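Asks: have a look at this fold, sequence not included:
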């Protein structure tokens, strides 16, 4: 997994993360604060990862 944070102009930032050429994700907006840009991207990435990985079954429901 990779992350990119771009400087798009005077105090303007945009970032995205990607796993491959076909799997690219971004916030969909520009930020004027670098810390907010990075924090928002990391939260988006964490949310995406939670949705992508199914939670393990409890031991009593797992197949033997």
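Replies: Arrived safely, thanks for sending. All values reported here derive from a predicted model rather than from experimental measurement. Residues are numbered from 1 along each chain as shown.
Asks: which stretch of helix or strand covers the most centrally placed residue in the chain?
Replies: Residue closest to the average C-alpha location in the chain (C-alpha atoms, centre = their mean): residue 45, at 2.0 Å. Residue 45 is part of helix 34-52, with elements assigned from DSSP states H and E.
Asks: distance between stretch 5-21 and the chain's centre?
Replies: With C-alpha atoms, centre = their mean, to the nearest Å as the basis, stretch 5-21 stands 12 Å off its chain's centre.
Asks: list of residues touching it?
Replies: By C-beta atoms under 8 Å, 6 or more residues apart in numbering, the residues outside stretch 5-21 that reach it are 1-4, 24-27, 29-34, 37-38, 40-41, 44-45. In short, each C-beta sits where N, CA and C put it, glycine included.
Asks: buried stuff in it?
Replies: Of all the residues in stretch 5-21, those buried under the rule 16 or more other C-beta atoms under 10 Å are 13-17.
Asks: what average pLDDT does it get?
Replies: Averaging pLDDT along stretch 5-21 yields 86.
Asks: gap between the two ends of that stretch?
Replies: For stretch 5-21, the separation between the terminal residues is 17 Å (C-alpha to C-alpha, to the nearest Å).
Asks: repeat that for stretch 21-41.
Replies: 18 Å.
Asks: buried residues in that stretch, which are they?
Replies: For stretch 21-41, the neighbour count (16+ other C-beta under 10 Å) marks 27, 31, 37, 40-41 as buried.
Asks: dump those into TSV; add pLDDT as well.
Replies: Output for the buried residues of stretch 21-41, formatted as TSV (pLDDT from 0 to 100):
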residue	pLDDT
27	85
31	93
37	91
40	91
41	89
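Asks: show me the two of the residues you listed that sit farthest apart.
Replies: Maximum pairwise distance among the buried residues of stretch 21-41 (C-beta to C-beta): 9.3 Å, between 31 and 41.
Asks: before we move on, back to that, which non-adjacent residue is nearest the residue nearest to the centre of the chain?
Replies: residue 17 (4.9 Å; C-beta to C-beta, 6 or more residues apart in numbering).
Asks: mind checking which helix or strand that neighbour is in?
Replies: Under the criterion of DSSP H and E, residue 17 resides in strand 12-20.
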